[in-house]
Structure formats: C-alpha cells, structure tokens
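Q: Sharing a model prediction with you, sequence too.
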Amino acid sequence: MAYFPLGSGKSLTYQLTALLQPGMTIIIDPIKSLMKDQFEGLVKNGIDGAVYINSSLTAKQRKIALEK
C-alpha cells in the first residue's frame, strides 16, 4: 500500500470521481479537520450537495446532514 503526503492530490481524485459518476459517493476519512476543510472547499466551489458527518456535530446537525 502506498502512502502519499498531504497536498499530493488524493482529495481531487475522490472529488472528480464523485462528480463524474451518477448517484451518491461516500468517502470515509479518519481526520475530522480534513473532512470539514474538504467540505468547505467543495461548497466554496459551488458543490452544494456535499455533507460531512463526524462526532464534532450536534445531534441536530447530524440529522440535517443525513436528511440532505
């Protein structure tokens, strides 16, 4: 298994795959701050169908994200 450093384009790989395929894409990421950062980047670039769910969200925020 190869490990690549931060900033080597891994996120772009996931994002392009999600944009080019129909349906839903689920990405599991163990780093909560990276989830939030990637979510904010997607929203900033006009991708409004993105959500993230982790333990930093309140129960109400998780419910809203799941409903979206």
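A: Perfect, I can see it now.
Q: Output the longest helix along the chain as PDB, restricted to C-alpha atoms.
A: Longest helix in the chain by number of residues (criterion: DSSP state H): helix 32-44. The C-alpha coordinates for helix 32-44 follow below in PDB (Å, rounded to 0.1, in the frame of the first residue of the first chain):
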ATOM      1  CA  LYS A  32     -12.200  15.300  11.200                       C
ATOM      2  CA  SER A  33     -10.400  18.600  10.400                       C
ATOM      3  CA  LEU A  34      -9.700  17.300   6.900                       C
ATOM      4  CA  MET A  35     -13.400  16.400   6.400                       C
ATOM      5  CA  LYS A  36     -14.500  19.900   7.400                       C
ATOM      6  CA  ASP A  37     -11.800  21.500   5.200                       C
ATOM      7  CA  GLN A  38     -12.800  19.500   2.200                       C
ATOM      8  CA  PHE A  39     -16.500  20.200   2.700                       C
ATOM      9  CA  GLU A  40     -15.800  23.900   2.900                       C
ATOM     10  CA  GLY A  41     -13.700  23.700  -0.300                       C
ATOM     11  CA  LEU A  42     -16.500  22.000  -2.200                       C
ATOM     12  CA  VAL A  43     -19.100  24.500  -1.000                       C
ATOM     13  CA  LYS A  44     -16.800  27.300  -1.900                       C
END
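Q: what's next to that helix, contact-wise?
A: 11, 15, 29, 50, 51, 52, 54, 55, 56 (CB atoms under 8 Å, 6 or more residues apart in numbering). (C-beta placed from N, C-alpha, C; glycine too.)
Q: Where do the helices of this protein begin and end?
A: Counting by DSSP H, the segments of the chain that form helices are 10-20, 32-44, 59-67.
Q: dump the residue contacts of the closest residue in space to residue 51 that isn't next to it in sequence.
A: Computed as CB to CB, 6 or more residues apart in numbering, the closest residue to residue 51 that is not its neighbour in sequence is residue 65, at 4.1 Å. By CB under 8 Å, 6+ apart, the contact list for residue 65 reads 51, 52, 53, 57.
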